[in-house]
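[1] Requesting a structural model of the entry that follows:
(2 chains)
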Amino acid sequence: MSINSDASKSHRLKTIALASMVLVGIASAALLVRWTDALRPPPDPNAIDESLYVNGKTARRISLGFNGLVADWYWMRSLQYVGRKIMSHPDDMPIDNLGQLNMKLLAPLLDTATTLDPNFLDPYEYAAIVLPSIDVQEAIRITQKGIEANPNAWRLYHHLGYIYWQQHDYQLASETYGRGAEIPGAPPWMEAMKAKMAADGGSRSTAREIYTRMFEQSSDDQVKEMARRRLLQLDSLDQRDGLRKILTAYQMRTGKCPNSWRELGVPGAPLDPAGVPYILRSGTCEVELDPKSEIPAK
Amino acid sequence: MAEAAIDFQQATQTQIRSGSFWRISAIARNAFREAVRDRVLYNLVLFVLLLTGASIFIGELSGGQERKVIVDLGLSAMLLFGVFIAIFVGVGLVYKEIERRTIYAVFSKPVGRGEFLVGKYLGLCLTLLVNVLVMAVGVSLALVYVGRGWDPLIFTVWPAVLLIYLELMLLTAVALLFSSFSSPALSALLTFMVFIIGHFSADLKSLAVSLGGTSARWLFTGLYYLLPNLANYSFITPAAHGRAPAPGFVFATALYALVYITVILAGATLVFSRRNFK
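    Numbering: from 1, shown residues only, chains lettered A, B, ... in the order given. Have a look, this model is predicted:
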């Protein structure tokens, strides 16, 4: 009886000792990781832009039937790459104006994702929206590649037309919208856009039409957000034109520009479409957006 | 008259029970039980954790592409886990019986070597079937969770699952063939190589076309037709875009798998029946 009880006690002690060893070991390992993290030199800021080791074709070949999953991985990597670059920049930037962020890896990442999965439409859309301010030729090439792989995707014609419109090539934009309009299932506004581009490509109403359609059609939240902000910007441009007319009329009447909104007889500063007050440059008859406003200045 | 009919029925049943089908199904059931006892199906826990994690977190990372990523991830994991089971369990099916000397007990009974191999093969196929079915249900449920309701992608997932299962059946047969004459490590390596080359079959064909020399062209064309064409069973990416394979294509690939498996099992039986266990 006593031998049995001794054996069971010894067994319990052994279990407790081993369990404690496991717990203490895990805690020590965590502490050691923290220590090594502190000792490790800071990461190279250029490492994020290190060239891709494999191109799209090679990646597709070695993916052994997992090409869809690898394409997803490259797609998420592209989003994180852009996100990290934006976060490293102090100012808030719209995704269609990221030229100054030196994103040389974005085009290869999107190209690889679309080579791995040519029917994955979101990377093409992203390339058409984000790439033109970085590398417009790559943006055109990747979107054209998307059209070749998905000839029935009218949305890609819309995006290609958008790139040409941004380049002020209204004739090419009109032709692209026209080709997209011929695809069965394309919405009627594609045909209308063809005519609008040819007749009135540089107008604000064309820009409004483009961003409205982009906001309605896109499934990507970032693209939707960009289109929403561009629409706010267009509203703000209209508002600022109106305000400038009032300021010019005031100047004609009094011979000087007002120093404050009160001088104009307005109780407070008018709000931009995002709800932030406009700034009146005293004595210049110029009205500007507050930098705190979410509306892009350019 | 009625008594005669009953006698005939009983006699037929006895014949069937003592026949090849009965022996094969007994071995298959046993192989399935053994796989379950070996905790092969524990990989399902990992799969469920993977899908649950993906369903919750992938939305934030994928820019609104969580449905596509879940199908890609779920079906790819299904294929990968299945390949590991087919290779690592498949190569041990025969070897373990020889190693433990239980094969002598089996062959002391009226069981043919071919029946033994086919039974083992069907047992592992049953294990893979359970594995694949549970995973497919998991992927469908994840899609329902992410889409907050019924998702039409579920319709395209199941034909892709069928093709994955056919690929795994083919690979299991290959693993069994190698294990009938080689060690488990070498068999696993060779089966994995077949899996890789099977996915490069299109390259073999284009290589054969691009080569100038007649003998080289013949060699690569021969390899293209000889090795299993596993690229045909990869329908994961189209499934993630809501495209299902045509019924004719599924039928042709199923027929190809059936023919190929028959050939491999016949070859394995030929090799295995010549082995001396003394």
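
[2] which residue is nearest the centroid of chain A?
    By CA atoms, centre = their mean, chain A has its centre lying nearest to A:I95, at 3.6 Å.

[3] Helix or strand: which one has that one?
    Following DSSP states H and E, there is no helix or strand that holds A:I95.

[4] Quick check: closest non-adjacent residue to B:T237.
    A:G68 (3.4 Å; CB to CB, 6 or more residues apart in numbering or on different chains). Every C-beta, even on glycine, is put in place using the N, C-alpha and C of the backbone.

[5] Quick check, that neighbour in contact with B:D72.
    Yes - using CB atoms under 8 Å, A:G68 is in contact with B:D72, at 4.2 Å.

[6] circling back to that earlier point, next one, pLDDT for the residue nearest to the centre of chain A please.
    If you check A:I95, the pLDDT there is 71.

[7] contacting residues for it?
    Residues near A:I95 by CB atoms under 8 Å, 6 or more residues apart in numbering or on different chains: A:V82, A:I86, A:I129, A:V130, A:Q222, A:V223, A:E225, A:M226.

[8] roughly how far apart are it and chain B?
    A:I95 sits 11 Å away from chain B, going by CB to the nearest CB, to the nearest Å.

[9] what sits in contact with each of A:G68 and B:D72?
    With CB under 8 Å, 6+ apart, A:G68 and B:D72 have common neighbours B:I236, B:T237, B:A240.

[10] In these, which residue is surrounded by the most others?
    Across these, the neighbour count under other CB atoms under 10 Å in any protein chain shown reaches its highest value at B:A240, namely 30 neighbours.

[11] name the element the closest residue to that one other than its chain neighbours belongs to?
    Nearest non-adjacent residue to B:A240, counting by CB to CB, 6+ apart: B:V71, 4.0 Å away. For B:V71, the host element (DSSP H and E) is helix B:66-90.

[12] same thing with A:R179?
    helix A:170-181.

[13] List the buried residues for that helix?
    Going by neighbour count (16 or more other CB atoms under 10 Å in any protein chain shown), the buried part of helix A:170-181 is A:Y170, A:L172, A:A173, A:S174, A:E175, A:T176, A:Y177, A:G178, A:R179, A:G180, A:A181.

[14] Report all helices and strands that the helix or strand following that helix contacts.
    Remark: after helix A:170-181, the chain's next helix or strand is helix A:188-200, criterion DSSP H and E. Packed against helix A:188-200 by the contact rule (3 or more CB pairs under 8 Å, 6 or more residues apart in numbering or on different chains; DSSP states H and E) you find helix A:154-166, helix A:170-181, helix A:204-217.

[15] Would you mind giving these as a markdown table with distance to chain B and mean pLDDT added?
    Below are the helices and strands packed on helix A:188-200 laid out as a markdown table (distance: least, CB to the nearest CB, whole Å; pLDDT from 0 to 100):
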| stretch | distance to chain B | mean pLDDT |
| --- | --- | --- |
| helix A:154-166 | 14 | 90 |
| helix A:170-181 | 20 | 89 |
| helix A:204-217 | 13 | 82 |
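
[16] For B:S182, find the nearest of these.
    Counting by CB to CB, B:S182 lies closest to helix A:154-166 out of those; the figure is 51.3 Å.

[17] now B:Y165: how far from A:L156?
    From B:Y165 across to A:L156, the span is 35 Å (CB to CB, to the nearest Å).

[18] no wait, B:S55
    29 Å.

[19] how about stretch A:227-244 as CSV, C-alpha atoms only?
    Written as CSV, here are the backbone C-alpha positions of stretch A:227-244 (Å, rounded to 0.1, in the frame of the first residue of the first chain):
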residue,chain,number,x,y,z
ALA,A,227,-13.6,57.2,-57.0
ARG,A,228,-15.6,58.6,-54.1
ARG,A,229,-12.8,61.1,-53.3
ARG,A,230,-12.4,62.0,-56.9
LEU,A,231,-16.2,62.7,-57.1
LEU,A,232,-15.9,64.9,-54.0
GLN,A,233,-13.0,66.7,-55.6
LEU,A,234,-15.1,67.4,-58.7
ASP,A,235,-17.9,68.7,-56.5
SER,A,236,-15.4,70.8,-54.7
LEU,A,237,-14.0,72.2,-58.0
ASP,A,238,-17.5,73.3,-59.0
GLN,A,239,-18.0,74.9,-55.5
ARG,A,240,-14.7,76.7,-55.7
ASP,A,241,-15.6,78.0,-59.2
GLY,A,242,-18.8,79.4,-57.6
LEU,A,243,-16.9,80.9,-54.7
ARG,A,244,-14.4,82.5,-57.0
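
[20] buried set for it?
    Buried residues in stretch A:227-244, counted by 16+ other CB under 10 Å: A:A227, A:R229, A:R230, A:L231, A:L232, A:Q233, A:L234, A:S236, A:L237, A:Q239, A:R240, A:L243.

[21] residues contacting the closest residue to A:N97 other than its chain neighbours?
    In space, not counting the residues next to it along the chain, A:N97 is nearest to A:S133; the distance is 5.2 Å by CB to CB, 6+ apart. By CB under 8 Å, 6+ apart, A:S133 lies in contact with A:D96, A:N97, A:L98, A:G99.

[22] For those, pick the one with the most neighbours.
    Most surrounded of those: other CB under 10 Å gives A:D96, at 23 neighbours.

[23] correct me, but it touches A:A227?
    No - A:D96 lies out of contact with A:A227 (CB under 8 Å); the separation is 9.1 Å.

[24] Return the list of strands paired to the helix or strand that contains A:L280, each annotated with direction.
    A:L280 is part of strand A:279-281, with elements assigned from DSSP H and E. The strands beside strand A:279-281 in its sheet (DSSP bridges) come out as strand A:286-288 (antiparallel).

[25] now the strand it pairs with, how far from the chain's geometric center?
    28 Å (CA atoms, centre = their mean, to the nearest Å).

[26] what does that strand contact?
    Under CB under 8 Å, 6+ apart, the answer for strand A:286-288 is A:R240, A:L243, A:R244, A:L247, A:Y278, A:I279, A:L280, A:R281.

[27] With pLDDT added, can I get those in CSV?
    Formatted as CSV, the contacts of strand A:286-288 follow (pLDDT from 0 to 100):
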residue, pLDDT
A:R240, 86
A:L243, 85
A:R244, 85
A:L247, 84
A:Y278, 86
A:I279, 85
A:L280, 83
A:R281, 79
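
[28] before we move on, back to that, and which of the buried residues of stretch A:227-244 is nearest B:L126?
    Comparing the buried residues of stretch A:227-244 against B:L126 with CB to CB places A:A227 closest, at 53.0 Å.

[29] how close does the closest one get to A:L156?
    Counting by CB to CB - A:A227 and A:L156 are separated by 16 Å.

[30] Name the residues of the stretch 1-150 of chain B found near chain A, please.
    B:61-65, B:68-69, B:71-73, B:76, B:79-80 (CB under 8 Å from any CB of the partner chain).

[31] what distance separates the helix or strand containing A:A59 from the centre of its chain?
    A:A59 belongs to helix A:56-61 when assigned by DSSP H and E. From the chain centre to the centre of helix A:56-61 is a distance of 26 Å (CA atoms, centre = their mean).

[32] cool, stretch A:154-168 as well?
    17 Å.

[33] list the buried ones in that stretch?
    A:154-166.

[34] same deal with stretch A:27-40?
    So, applying 16+ other CB under 10 Å, stretch A:27-40 has no buried residues.

[35] ok now it, how far from the chain's centre?
    Distance, centroid of stretch A:27-40 to centroid of chain: 36 Å (CA atoms, centre = their mean).

[36] Could you verify that A:N259 is part of a strand?
    No - counting by DSSP: H, G, I helix; E, B strand; the rest coil, A:N259 is not found in a strand; it is coil.
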